[in-house]
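Enquirer: task: produce atomic coordinates for the following.
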Amino acid sequence: MRMLTGLLSVLLLVLAGCSAKDSGDVIRVAVSPASPPNLYEENGQTKGLDLEIFEGYCKARGCTLRITSYDWQGMLGAVVSRQADVAFSGISITAQREEVMDFSKPYMENTWNLVSLKKQDIHFDDLAEMKQYTIGYPRGMAYSDFITKELEPKGIYRLSQVKMYPSYNEVLSDLQNGNLDLAFLDGTVASVYRKTLPIRDSYVFTGFDRFGFAFPKDSALRKDFDHYLSDELGPEGLKAIIHKWLD
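Expert: Just a heads-up that it's a prediction; the model follows:
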């Protein structure tokens, strides 16, 4: 009887250890890898400054990442439905998103850039001129909330005028093919594509956007990650990673 009890105790300990490892050491990550330099794919590998930040956290905690790629809306949906423990790909912190998910402390400021082909030479300082142009961007972006709350009430631009796409790749393809006048891009994304595509800024919105890592509501992981960002990686370490990917 004692031997049976001992064997059962050992078995329970083994099972408990496996369960702890499966649930605690593996972090399920949702990404939309089409937002360079924050998150993108190159030669079949996922790369970016967001990944480097979170890999640093996992190295400090002894965890591993299980990364799944989605389109933009699918990535956010995976967090809301708790299919993912965290999501990152240059995600803007918005009041609407904060209703259904939690964010880390902001880790970088961002601009929103309306870009056009250089040959089109589109540039304006008065937002009233926006309405004469076709604008496109990926579905689920924070620009939609901005247009609805800031631009529509002022009669500047309507959300119904926007062409929606699966990702930035399709947006920029249509821009180059002449099917769009302007593409709405994050400033970080624009800085990357400006190196390879004949695009220019037509108008830049500043002071509206900050990036954060997205977590399910009431996530203990978020609290520990915030501690890592602030007290372990620290402002200087974070700045070094950002500059590495933006330069």
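Enquirer: count of neighbours near Ala239?
Expert: In this structure residue 239 is Lys, not Ala. 12 (other Cβ atoms under 10 Å). All C-beta atoms are positioned from the backbone trio N, CA, C, and that covers glycine.
Enquirer: what's the helix or strand for it?
Expert: helix 234-246 (DSSP states H and E).
Enquirer: in the protein, which spans are helices?
Expert: Secondary structure of the chain (DSSP state H): helices located at 2-20, 49-61, 72-80, 95-98, 143-146, 168-176, 187-193, 220-227, 234-246.
Enquirer: the third one vs helix 168-176, what angle?
Expert: When axes from the mean of the first three to the mean of the last three Cα atoms, to 10 degrees is applied, the directions of helix 72-80 and helix 168-176 differ by 160 degrees.
Enquirer: just give the nearest non-adjacent residue to Ile91, would you?
Expert: Sequence neighbours aside, Ala214 is the residue nearest to Ile91 in space, at 5.2 Å (criterion: Cβ to Cβ, 6 or more residues apart in numbering).
Enquirer: one more: Tyr228?
Expert: Tyr57 (4.8 Å).
Enquirer: next up, the contacts around the one you found.
Expert: Listed by Cβ atoms under 8 Å, 6 or more residues apart in numbering, the contact partners of Tyr57 are Phe225, Tyr228, Leu229, Leu233.
Enquirer: the last one: what's it in contact with?
Expert: I take that to be Leu233. With contact taken as Cβ under 8 Å, 6+ apart, Leu233 is in contact with Ile53, Gly56, Tyr57.
Enquirer: summarise which helices and strands the helix holding Lys239 is packed against.
Expert: helix 49-61 (3 or more Cβ pairs under 8 Å, 6 or more residues apart in numbering; DSSP states H and E).
Enquirer: if we can go back for a sec, in the helix holding Lys239, what counts as buried?
Expert: Leu238, Ile241, Ile242, Trp245 (16 or more other Cβ atoms under 10 Å).
Enquirer: quick check: mean pLDDT of that helix?
Expert: Taken as a whole, helix 234-246 has an average pLDDT of 95.
Enquirer: which strand runs longest in the chain?
Expert: strand 199-211 (DSSP state E).
Enquirer: could you list the buried residues of that strand?
Expert: Going by neighbour count (16+ other Cβ under 10 Å), the buried part of strand 199-211 is Ile199, Arg200, Asp201, Ser202, Tyr203, Phe205, Asp209, Arg210, Phe211.
Enquirer: so for the fifth one, what's the pLDDT?
Expert: What the model reports as pLDDT for Tyr203 is 97.
Enquirer: what is it paired to in the beta sheet?
Expert: Beta bridges link Tyr203 to Leu114 when assigned by DSSP bridges.
Enquirer: quick one: residues contacting it.
Expert: Contacts of Tyr203 (Cβ under 8 Å, 6+ apart): Asn113, Leu114, His123, Phe124, Asp125, Leu127, Met130.
Enquirer: thinking again about what came up before, and which of the contacts of Tyr57 is nearest Leu151?
Expert: Nearest to Leu151 among the contacts of Tyr57: Leu229, at 32.5 Å, using Cβ to Cβ.
Enquirer: verify the contact between the closest one and Leu238 for me.
Expert: Yes. With contact defined as Cβ atoms under 8 Å, Leu229 counts as touching Leu238 (6.7 Å).
Enquirer: which residues do the two both contact?
Expert: In contact with both Leu229 and Leu238: Ile53, Tyr107, using Cβ under 8 Å, 6+ apart.
Enquirer: thank you, goodbye.
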